[in-house]
Structure formats: structure tokens, C-alpha cells
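Visitor: I would like to see how this sequence folds:
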Amino acid sequence: MPQLAEDALGVALEVQQIATASACSVAHRAKALPEPLRRLVPFEASWLALLDPDSRTFVPLVIDGYDERIHRRLGGPDAVAEVELAGLDPTCPARRIRALPVPAHEVRSRADYLWPAGFREALGVGLFTADDRHVGVLGLNTDTIAHPTDEARDLIGLLASTIAAALDPARTVTVAARAVRGAPGGGVLTRAGSVLPLTGLPDHPLLSPGSTLLPVVAGLAEGGSQYASFLCPYLNRSVLALRRITVLGCADEPPHFLCAAIVVSDVGERRGLTVTQLELLGMLLAEWPDGRVAAALDVSERELTGYIDHAASRLGTPHRGVALIRAFTRGLDIPPGLGDPA
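Guide: Next comes the predicted model:
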């Protein structure tokens, strides 16, 4: 089809421009993406959604041209299973209805919802990032079996990873996380408490299920913190070790299931502070009263004063308030709840 060949480069460039528009939100990019694709597929309805891995549902960013029944179907729990049934994966991101690996009548959305509504063909596109994370799905429905063509399917399939990168909810924090030096691990905490991979960083034992670090990070994010840095102890081959934790809050935009990125890195300069002194500073920064701090450390309040003075001297000041400011800005503390590594 000559016209498609003429439009292909222009469509690809326009999709790339939308995907790389750094000042735009995910919702804004999602709204802009279907329009250039219309030059390849004259669709009557479109659906662009992100996968919420906690609820196993798709969160629509764009859903246009469908009736209310189809709206509910696409936002329900069966939609994810049907996308998987369609065989959309990184090796074959785009499929038409007539090329499904299963009979079309076995896909209920097609048989019971889309066909009765007048849709005769469709292009389903799985959105996978360069590291094969499934971030969402694109659906384009037409009222004729003539579209989408083979050429349009193939081109949109080639653009699938670019569209996925444009809509990746972890995109912004991933870029910020890469700026943290000496990072041997990282992940993205969801609001349900699970940890998703952070592109470019391996997993770390501190991010495993049941880790005491995860509720601490969740509490910081729920409190509105967009950035935090502190130290966390853990047992590395039965030897007590410390790692620096950097927390980067995720923007509150669709699909709203991400909480914060967690980057695990080398401790850096500790100013000679002991683990007990770091725990003490963490309790004081958490605004624990002196009596509670003394009880947690199993010392008298009089002895606690000496502990605080010693910690302050390590931070180069005789003043408690100045010491706490320096500990906070330099991330030299162990927050309460992290003192007993498993």
C-alpha cells in the first residue's frame, strides 16, 4: 500500500516525539498517542491501558468509541487473562483477531461484547519495555475486516516498545535512580507492598518479601516524602553490614499503584558513627521523646545525654539541633524499625 509507505516514517517520528516529550505526564502522552496511529489503521474505537500488577487489571488511560458494557469489560479482571490468551508477548507484540492462537469465539470480549457492537477486526498490542516488563496494552477496533492490514500491524508492532517506554509508570524514577552512584540493587515499591524491578538495577536481599525496610519506605511515601536517604543494616553472609537507602517518591498519576523507588547503594562516609549512634539519630529524627529513646537503648536519660553528645561530636558540632540537621541532610541515621536485621 503506497500511502502507508509514505505515512510510515511520519507516524514513527510523531510517535517518537510524543514518547520523548519529557515535560508531559503519562496521561498527556497517552491521549496524544492514538491519533498518529489512525493514519495506519482507520479505527472506530481505541483502548490504551496500563497494567496494575497488584490487582491484575488494566487501568485505562484512553478508552474511546465503546459502549458502557465494553468499558466495564476492559477494566475488569478478565481483560488481563484475555490479553495473555491472545499470545501478546515481547516476541509478538501485535496481533489481529484473525491471527489469534485460539479460536476467536473463545475470547469472550470479542464474541459477547465487541462483535455485537459492530466491530469486525482489531489490533491488540502488548506493551513491553526494553527489559521485557509488561506495562500495558493498546487496542484498536475497526468496523471492517480490511483493516488493520499486514503492513499496519507490523509497523505498529515495531512501535510497541516506544509506546511502552512513553507510558512506563516507573520512567521518571528510573532515570533519577540511575544517578545514584555505587548502587548494587533497586526496585519500585507498589502501594500493595510488592517490589517490581527497576530497569538497570538488580534485585537486593533488602527488597525481599517480609523485609523490614519495605514498611518504613511505605510510611515515608504515605507521609508525602518525595526523597529520603538513610542507612539500613542487614546480614550479609551472617556478617552485619550497612547499606545506604535512597527513596524516590513516584508521581501520583495513572495508574496510581506505584509508591516509591528504592535504591540500595554503598554506605559512603559514616563520620565514624557506630550502629547504635545511627539508631539513636534515627529515633531523634523520628521525634521520639528522650524517655522513649532511652528505653529503646536500655539506658537512663542521663546516660542518653552522653550518647547524644558523642554522636554530635562525630558530626562536628556540640549542638544537638545542628547534629540532627547534619544527620538528616547527610542521611546518617537508621530509622526506627530497621535496627534488627534478619
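Visitor: who's in contact with the strand or helix carrying residue 72?
Guide: Residue 72 belongs to helix 68-74 when assigned by DSSP states H and E. The contact list for helix 68-74 (C-beta atoms under 8 Å, 6 or more residues apart in numbering) reads 45, 47, 49, 58, 60, 63, 66, 79, 109, 113-114, 117, 139. Backbone N, C-alpha and C define where each C-beta goes, glycine included.
Visitor: Ok, stretch 94-106 next?
Guide: Outside of stretch 94-106, the residues within contact range by C-beta under 8 Å, 6+ apart are 85-88, 107, 110-111, 121-126, 145, 148, 153-154, 156-157, 160.
Visitor: which one of the contacts of helix 68-74 sits closest to residue 336?
Guide: Proximity of the contacts of helix 68-74 to residue 336 (C-beta to C-beta) peaks at residue 58, which lies at 38.4 Å.
Visitor: Okay, and the beta partners of the closest one?
Guide: Going by DSSP bridges, residue 58 is paired in beta bridges with residue 51.
Visitor: try residue 95
Guide: With DSSP bridges as the criterion, residue 95 is bridged to residue 124.
Visitor: So it versus residue 157, what's the distance?
Guide: 9 Å (C-beta to C-beta, to the nearest Å).
Visitor: So which of the contacts of stretch 94-106 belong to strands?
Guide: 121-126 (DSSP state E).
Visitor: my guess is residue 43 contacts residue 152, does it?
Guide: No: applying C-beta atoms under 8 Å as the test, residue 43 and residue 152 come out as separate, 10.1 Å apart.
Visitor: what sits in contact with each of the two?
Guide: Counting by C-beta under 8 Å, 6+ apart, the residues touching both residue 43 and residue 152 are residue 123.
Visitor: can you give me the strands in this structure?
Guide: Along the chain, counting by DSSP E, strands occupy 45-52, 57-64, 94-96, 121-128, 134-142, 185-190, 195-197, 227-236, 239-249, 258-265.
Visitor: I'd like those strands as CSV, with mean pLDDT, distance to residue 284 and mean neighbour count appended.
Guide: CSV is the format used below for those (pLDDT from 0 to 100; distance: least, C-beta to C-beta, whole Å; neighbours: other C-beta atoms under 10 Å):
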stretch, mean pLDDT, distance to residue 284, mean neighbour count
strand 45-52, 95, 38, 24
strand 57-64, 94, 41, 19
strand 94-96, 93, 56, 20
strand 121-128, 95, 46, 24
strand 134-142, 95, 41, 24
strand 185-190, 92, 26, 23
strand 195-197, 90, 29, 19
strand 227-236, 91, 13, 18
strand 239-249, 91, 18, 19
strand 258-265, 93, 23, 25
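Visitor: And those strands: which comes nearest residue 312?
Guide: Nearest of the strands of the chain to residue 312, taken as C-beta to C-beta: strand 227-236 at 17.5 Å.
Visitor: which residues sit against the closest one?
Guide: In contact with strand 227-236 (C-beta under 8 Å, 6+ apart) are residues 205-206, 213, 220, 240-249, 267, 270, 275, 278, 282, 331-335, 338-339, 341-342.
Visitor: again, but for stretch 266-278
Guide: Applying C-beta under 8 Å, 6+ apart, the external contacts of stretch 266-278 come out as 181-182, 184, 231, 233, 240, 242-244, 281, 297, 307, 310-311, 314-316, 330, 332-334, 339.
Visitor: Which members of those are positioned in helices?
Guide: Under the assignment DSSP state H, the contacts of stretch 266-278 contribute 281, 297, 307, 310-311, 314, 330 to helices.
Visitor: Out of those residues, which two sit at the greatest distance?
Guide: The distance between the two most remote of these (C-beta to C-beta) is 21.6 Å, for 297 and 330.
Visitor: Report the contact partners of the closest residue to residue 265 other than its chain neighbours.
Guide: Sequence neighbours aside, residue 183 is the residue nearest to residue 265 in space, at 4.3 Å (criterion: C-beta to C-beta, 6 or more residues apart in numbering). Applying C-beta under 8 Å, 6+ apart to residue 183 gives the contacts 177, 201, 263-265.
Visitor: Please produce TSV containing the residues you listed, extended by distance to residue 287.
Guide: Below are the contacts of residue 183 laid out as TSV (distance: C-beta to C-beta, whole Å):
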residue	distance to residue 287
177	29
201	32
263	26
264	26
265	27
